[in-house]
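> make a model of this:
(chains A and B)
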Amino acid sequence: MLRRVRLALGVLLLATIALFVSGGLSPATAADTTITGTLSTPGGEAVVGVLVTATDADGVLTSGTSDDKGVFVVPLPAGGTYLVEVDITTLPEGITLNNAEDASRSLLVLGGEKRLLIGLSEGGESGISEVESGTSERVIQLFLDGILYGLVIALGAVGMNLVFGTTGLTNFSQGELLSLGAFTALAINTAGVNIIIAAPIAIVFAAFVYGWGQNRILWRPLRRRKTGLIAAMIVSIGLAIFLRYTLVLFFGGAPSSYKQFAGQPGIEIGPFNTTPKALILGLLAVIALTATVTWLQRSRIGKATRAVSDNPALASATGIDVERVISVVWIVGAGLAAFAGIYLGLTQNTVWNMGQRILLVLFAAVILGGLGTIYGAIVGAMVVGIFVQLTTLVIPTEMKTVGALFLMILILMVRPQGLLGRKERVG
Amino acid sequence: MDFVQIFSLTITQAVGVTALIYLFAAIGLNVQFGYTGLLNFGQVAFVAAGAYAVGVIVLTFDLGLWLAVVVGVVVSTLLALLLGIPTLRLRADYLAIVTIAASELLRLLVRSIAFKDVFGGAQGLNGKLGQEFHDLNPLPADFTLPVLTWSRQDLWVVIVGWSLALLFTLLVWGLVRSPWGRVVKGIREDEDAVVSLGKNVFVYKMQALIIGGGIAAFGGILWAVAKQSVQPDTFQPDFTFFVYTILLLGGAARVFGPIAGTIIFWFLLAGFGELLSSLINNGYIEFLTPTDVGSIRFMLMGLGLMLLMIFRPQGIFGDRRELALDAR
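As a prediction, the model looks like this:
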């Protein structure tokens, strides 16, 4: 068990990130299987009335609420993998989770009593600004979380938007490009390769097989056949379903993690709590996105991509090889998406429907930024990421996707071309 | 290998309760997508509206089933208005994204802890739903069918369900032969031409969305009554895509397309599943386990949707000229 107690800038923090099994490996009877823990403030005061829920793979939910000693017990029907969530709206005012990832995590319960340690922090030791400093710190924390989330969305959405811009395809299987990348890395990692090496291999593999290969085998022949855009969109839905259940067939339905960095302890930078892996991944994402933007601005093929996006017929007439541009776009898009998938796999976990879960958020980002606009995806993703995290100040965490979807519907009503889109008829 | 048993299980599923739920959604989608050309990717929301209307009215508020049916239709109409007003003026792909987003938005809301008192959270609403309906069951208590494996209760649901489905099919048949049907088909083929004839395209599209949604809501009502349970996570977007597969298989813009599609789709899906399970259980296939059958079924379904859309978008009984998917 790892325990950290920190005292910094008048904020007392108790960060506890550890899990251990006290029930042993012997299969326990159903009634004995529980997730339990004690919630207390850094000062040792019991935190009462906090709702902790556990959802199994079939979506069946059980829950427990912390009593007057701060003890919560979540009874489970049987051992298995559960999504354990702390309803942060039930935390008393000024009390926040030390580690944002504690709000929702996947947990393997073998049977018996699984002890869950959740670190809580209390804003401001004492004085008038107690609640205020807690809230403003939470805003900063959520804002930075939002930037990190926005970067993942941007990585996933860039490819989708480039493909839409150059071919007109609304790709409903974009989410599966993320999952495929994450699971390819998982397969290499499971074979015994460190994820630091497995990740780049998976990204390159994804770029050429899932990106270039997919375009070659499926989309290019369809364009040759002059398949309509709506028909192609429905084809992409079929592909998404096919790929999703292929992942279930080979990897099973339960979430899994990479061997390295799975339970990395958190660090604290000023008022911001995070993990080193999230920071490094965020930095790499910024580099990847900057490189993509520079490539689109400066390089010959990047300029050609923007030209095709603008007007494929005209670009073709000026001698640009449109099919070559589309191939490159698929390679870049699939590579970035695989990176996004591995990012999610490292910071959360890899699960067969991870792509499906993020697909609508990707759509929200590209529609917000402007469907088909090259930089729209990045701008839209950052806005959606930050917005989604900040909305958890007022709405429960479990409903944060609702905010993104609502924002998308709203933008379609007032500015359907998106923030960066050119005004044109979309109706 | 017991082929009689495989066949009887397959037939039972091909025209059974689950198939009926999809059939109602498909008949509704045929009005919206087949005839009017609306790319509604949120059909599951209408089914959920019907199912939750029953769940909430009967379990949460302890009122009668018949009131729940009325509420289901009213709620689905409101949902159509809510969905339609911001989106029906948009291009087809935007409509698709917004409708799928709205259906997910609703699912997340009904499964949330915040509204647990009304909608039952992630566990949904489970209990005695539709007792009034089952009390009307005229079948004798010891009634059993040869070959088919329905319980007395399921058989009653199936009889009423199919009667209703045929009634709705008749309604659609009447509608598309009427002047109204010619206008909506015109919208599907060339919206601008219809506008130039002085028709209010928006109103026609809205009517199609409401009618299609209302029919789908009956699928939800049937679901709640037959399965005695309403759970949010059964209303995932994939449901809508299964309905699309069914409709495209049978032939969109064909009055009997949804019925043909439903029976063939479930016959193939169930038959394949039963056959594969039986092969695995009898040791003919060793590299698969019985739990893999579910994933393989879905994989084939996805593949089927792709191939259907690429090679035969008009489905088995459809007419290619009827389905100008990219008229715009």
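
> and residue 253, helix, strand or coil?
The chain I'm using is chain A. At A:G253 the chain is in coil, as set by DSSP: H, G, I helix; E, B strand; the rest coil.

> wait, chain B
coil.

> how close does it get to A:I331?
Using CB to CB, to the nearest Å, B:A253 is found at 39 Å from A:I331. C-beta: built from backbone N, CA, C; applies to glycine.

> which of these two has more residues huddled nearby?
Neighbour totals were compared for B:A253 and A:I331, and B:A253 leads with 24 against 20 (other CB atoms under 10 Å in any protein chain shown).

> touching, the more buried one and B:R320? I think so.
No - B:A253 is not in contact with B:R320 according to CB atoms under 8 Å; the separation is 10.4 Å.

> so A:F272 sits against A:G146, correct?
No - using CB under 8 Å, A:F272 makes no contact with A:G146, being 11.8 Å away.

> measure B:Y204 to A:M382 for me?
For B:Y204 relative to A:M382 (CB to CB), the value is 40 Å.

> next one: A:V325
Taking CB to CB, one finds A:V325 at 26 Å from A:M382.

> give me the more crowded residue out of those two.
A:V325 (24 against 21).

> quick check, pLDDT for the more buried one.
Per-residue pLDDT puts A:V325 at 94.

> swap in A:G146?
For A:G146, the model assigns a pLDDT of 92.

> and the strands in the stretch 201-328 of chain B?
For the stretch 201-328 of chain B, the strands defined by DSSP state E, counting those that start in this stretch cover B:229-230.

> show me the helices in it, by range?
For the stretch 201-328 of chain B, the helices defined by DSSP state H, counting those that start in this stretch occupy B:201-227, B:237-250, B:257-281, B:292-311.

> out of these, nearest to A:V152?
Set against A:V152 and scored by CB to CB, these come closest in helix B:237-250, at 20.9 Å.

> is the closest one anywhere near chain A?
Yes - judged by CB under 8 Å from any CB of the partner chain, helix B:237-250 and chain A are in contact via B:237-238, B:241, B:244-245, B:248.

> state the helix or strand in which the closest residue in space to B:L275 that isn't next to it in sequence lies.
Using CB to CB, 6 or more residues apart in numbering or on different chains and skipping the chain neighbours, the partner closest in space to B:L275 is B:I6 (5.9 Å). Assigned by DSSP states H and E, B:I6 belongs to helix B:3-14.

> helices and strands around the following helix or strand past that helix, which ones?
The helix or strand immediately downstream of helix B:3-14 is helix B:17-29, counting by DSSP H and E. Where contact means 3 or more CB pairs under 8 Å, 6 or more residues apart in numbering or on different chains; DSSP states H and E, helix B:17-29 is packed against helix B:43-54, helix B:152-177, helix B:201-227, helix B:237-250, helix B:257-281.

> how about the CA coordinates for helix B:17-29, as PDB?
The C-alpha coordinates for helix B:17-29 follow below in PDB (Å, rounded to 0.1, in the frame of the first residue of the first chain):
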ATOM      1  CA  VAL B  17     -41.100 -11.200 -29.400                       C
ATOM      2  CA  THR B  18     -37.700  -9.700 -30.100                       C
ATOM      3  CA  ALA B  19     -38.200  -9.800 -33.800                       C
ATOM      4  CA  LEU B  20     -41.500  -8.000 -33.300                       C
ATOM      5  CA  ILE B  21     -39.900  -5.200 -31.400                       C
ATOM      6  CA  TYR B  22     -37.500  -4.700 -34.300                       C
ATOM      7  CA  LEU B  23     -40.300  -5.000 -36.800                       C
ATOM      8  CA  PHE B  24     -42.200  -2.000 -35.300                       C
ATOM      9  CA  ALA B  25     -39.000   0.100 -35.400                       C
ATOM     10  CA  ALA B  26     -38.400  -1.000 -39.000                       C
ATOM     11  CA  ILE B  27     -42.000  -0.100 -40.100                       C
ATOM     12  CA  GLY B  28     -41.500   3.300 -38.500                       C
ATOM     13  CA  LEU B  29     -38.100   3.700 -40.100                       C
END
